[in-house]
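In: Return a 3D structure for these sequence lines:
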Amino acid sequence: MSEFRNRIADIESGTPVEIGILRDGRNRTIEVVLGEREPDEPVDISSSSASEEYGWVLEELSRETARSLGDESLQGVLVFEIYLSGRAARAGIQAGDVILEIDGAEVRTPSEVDMLIDSTRDTLFLIWRQGYSIYFML
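Out: Residues are numbered from 1 along each chain as shown. Alright, predicted model coming up:
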């Protein structure tokens with residue numbers, strides 16, 4: 001797939017090209033005109049001291065990522081990366097998890113997560129993982 005993407009990226013926008021597809025068990029060739037890809041929306045990525053303590057990198061959950069996780073309506077904060085030495089990994093949180101709530105409050109941005117967590121006390125997280133909701137105490 002990356003080879004296809006790279007080949008297309010080398011062709012100027014507006015250029016007509018023929019591509020082969022498999023439809024109904026038959027090979028077909030169709031002509032398409034290449035367009036421009038919309039730029040990705042900027043995302044809020046957490047880099048606070050709380051993120052260092054918890055050992056994670058968080059980012060806003062985009063609609064595309066929610067779709068790729070199998071639930072386009074999913075809203076929350078994506079655990080993008082996890083460090084094994086952090087509190088989150090020790091509690092069982094994994095990269096790809098989505099933080100839905102902290103102590104009952106919905107979260108949508110890494111900044112909201114940072115505001116709601118307190119390293120001096122335990123915090124209740126509601127996490128979405130592969131279609132299931134799981135509570136974690138950190």
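In: quick check: domain ranges of the protein?
Out: As assigned by automatic domain parsing, the chain contains the domains 2-33, 49-137.
In: List the contacts of residue 127.
Out: Residue 127 makes contact with 93, 97, 98, 99, 100, 133, 134, 135, 136 under the criterion CB atoms under 8 Å, 6 or more residues apart in numbering. Using the backbone N, CA and C atoms, a C-beta is placed for each residue, glycine as well.
In: Could you list everything it pairs with in the sheet?
Out: residue 99, residue 134 (DSSP bridges).
In: Surely residue 11 touches residue 34?
Out: Yes - when contacts are counted by CB atoms under 8 Å, residue 11 is listed as touching residue 34 (5.8 Å).
In: any common contacting residues for these two?
Out: The overlap between the contact sets of residue 11 and residue 34 (CB under 8 Å, 6+ apart) consists of residue 17.
In: neighbour-wise, which of the two wins?
Out: residue 34 (14 against 11; other CB atoms under 10 Å).
In: which residues sit in contact with the more buried one?
Out: Here residue 34 is in contact with 8, 11, 12, 13, 14, 15, 16, 17 (CB under 8 Å, 6+ apart).
In: What's the separation between it and residue 64?
Out: 20 Å (CB to CB, to the nearest Å).
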